[in-house]
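Visitor: Quick one, what's the 3D model for this:
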Amino acid sequence: MGIRLIQEELCTGCGVCVISCPMDVIKLDEERRKAIVQYIRDCQCCYMCERDCPEDIIYVTPDRERRIPLAW
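Guide: Next up is the predicted model:
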């Protein structure tokens with residue numbers, strides 16, 4: 001649940017998604033000037049980053065991600 005994809009190759013580094021995220025999930029990588037997901041578990045699936053992104057490169061989904069536990 002939450003941010004499924006940020007197309008980094010198309011990101012212009014404008015920072016609009018960072019500003020619009022109320023949970024501080026997205027951060028701007030200073031070296032590459034690209035948006036990255038910093039705290040995926042804190043995403044509340046509000047769609048604000050997806051809606052506000054001027055490049056339309058963020059995809060948010062309400063589907064829960066089912067992770068398969070690895071054997072020890």
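
Visitor: wait, is residue 51 part of a strand?
Guide: No: counting by DSSP: H, G, I helix; E, B strand; the rest coil, residue 51 is located in no strand; its state is helix.

Visitor: Could you measure from it over to residue 16?
Guide: 10 Å (C-beta to C-beta, to the nearest Å). All C-beta atoms are positioned from the backbone trio N, CA, C, and that covers glycine.

Visitor: Who has more neighbours out of these two?
Guide: residue 16 (18 against 12; other C-beta atoms under 10 Å).

Visitor: Can you find the helix or strand in this structure with the smallest mean pLDDT?
Guide: Using mean pLDDT, DSSP states H and E, strand 2-6 stands out as the lowest-scoring helix or strand of the chain, at a mean of 89.

Visitor: any idea which helix or strand comes after it?
Guide: helix 16-20 (DSSP states H and E).

Visitor: Run through the neighbouring helices and strands of that next one.
Guide: Counting contacts by 3 or more C-beta pairs under 8 Å, 6 or more residues apart in numbering; DSSP states H and E, helix 16-20 packs against strand 26-29, helix 48-52.

Visitor: list the buried ones in that helix?
Guide: 16-18, 20 (16 or more other C-beta atoms under 10 Å).

Visitor: Of those, just say which sits nearest to residue 59.
Guide: Closest to residue 59 out of these is residue 17 (11.9 Å), distances taken as C-beta to C-beta.

Visitor: How much space separates that closest one from residue 2?
Guide: 13 Å.

Visitor: go on, residue 48?
Guide: Residue 48 is 12 Å from residue 2, by C-beta to C-beta.

Visitor: Out of those two, name the residue with the larger neighbour count.
Guide: Set side by side, residue 48 and residue 2 show more neighbours around residue 2, with 21 against 18, by other C-beta under 10 Å.

Visitor: of all the helices and strands packed on helix 16-20, which lies closest to residue 58?
Guide: Nearest to residue 58, of the helices and strands packed on helix 16-20 and by C-beta to C-beta, is helix 48-52 at 4.6 Å.

Visitor: which secondary structure elements does the closest one contact?
Guide: By 3+ C-beta pairs under 8 Å, 6+ apart, helix 48-52 packs against helix 16-20, strand 58-61.
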